[in-house]
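>>> Next one to model:
(2 chains)
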Amino acid sequence: MRQRRSQPIARLRRRYPQEWLLIEVDRFDPATTSPLTGRLVAHSKLRDPLEQRAARLKKLIYLVHGSDTLPQGYAAAF
Amino acid sequence: MAATRSRKGMPRPSNAFPLDPDKPLIPVDVLLEGPQGRQFVCMALDTGATYTIAPMASLLAIGYDPATSGKRIEFIAAGSVEYKPLVRVQGAQAFGIRLPGLEVVCHDLPPQSPVRDLLGLNFLKHISLHLDFLHRTLTVTTKR
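Prediction:
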């Protein structure tokens, strides 16, 4: 299996703005707790399959959406 | 950004983060630690949440089984009251600050949310947090 290359996480998120990304983090900034670079394990429009995969992975994982915005027509009240 | 001064005149550790007022929420990267590993979770900063809320999948991955957690809490969400597991994780880090033994409620936000969960008051009360929307800066200061 081909080893995916490490890339800046910001770049990965820009590439898939409408999808969830499962990323294996290889470098983060402890001064800000920000993940910086990683290898893209999988991406999907659905979060659930990636959640199930994330639960089984024991590496430093970051499951994040490509965008910080809500879908059109949605607002949040937590 | 200039550091603020404590009562003894020593600069307090502070960290400034970009704050985008055009975003519908304030995303924060949180590192959850458990006996079997660590996971990053992108959360929304939420001063309306009593507890930090963590996803089931992340808690399972780092070595906790919320289903067998002995401690549960009545959780008042927008529009409902639910009974949710409460898990004490080994540590939680955000803004470069680590809190050991943080209690988190296990609950998943709907998949339409661009963040997976919420960074609540039980973390935020340990820091000084300044949200300056006009200058697009979030500043975190800690006790020395």
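>>> Any idea which helix or strand in chain B has the lowest mean pLDDT?
One helix or strand of chain B scores below all others by mean pLDDT, DSSP states H and E: strand B:72-77, with a mean of 82.
>>> What is the subsequent helix or strand relative to that one?
Using DSSP states H and E, the next helix or strand after strand B:72-77 towards the C-terminus is strand B:80-88.
>>> Show me what secondary structure element comes after that next one.
strand B:91-94.
>>> That next one and chain A in contact?
Yes: using Cβ under 8 Å from any Cβ of the partner chain, we find that strand B:91-94 touches chain A at B:Q93, B:A94. Backbone N, C-alpha and C define where each C-beta goes, glycine included.
>>> In a strand, B:A57, correct?
No: with DSSP: H, G, I helix; E, B strand; the rest coil as the criterion, B:A57 is helix rather than part of a strand.
>>> still on that earlier bit, got the angle for the least confident helix or strand of chain B vs strand B:80-88?
For strand B:72-77 against strand B:80-88, the angle by axes from the mean of the first three to the mean of the last three Cα atoms, to 10 degrees is 130 degrees.
>>> Give the other helices and strands that strand B:72-77 contacts.
Contacts defined by 3 or more Cβ pairs under 8 Å, 6 or more residues apart in numbering or on different chains; DSSP states H and E place strand B:72-77 against strand B:80-88.
>>> residues in contact with the strand it packs on?
B:51, B:54, B:59, B:64, B:66-67, B:69, B:71-75, B:101-107 (Cβ atoms under 8 Å, 6 or more residues apart in numbering or on different chains).
>>> ok, that strand: who's next to it in the sheet?
strand B:72-77 (antiparallel), strand B:103-106 (antiparallel) (DSSP bridges).
>>> Return the members of the contacts of strand B:80-88 classed as buried.
Taking 16 or more other Cβ atoms under 10 Å in any protein chain shown as the criterion, what is buried in the contacts of strand B:80-88 is B:Y51, B:A54, B:L59, B:Y64, B:P66, B:F75, B:L102, B:E103, B:V104, B:V105, B:C106, B:H107.
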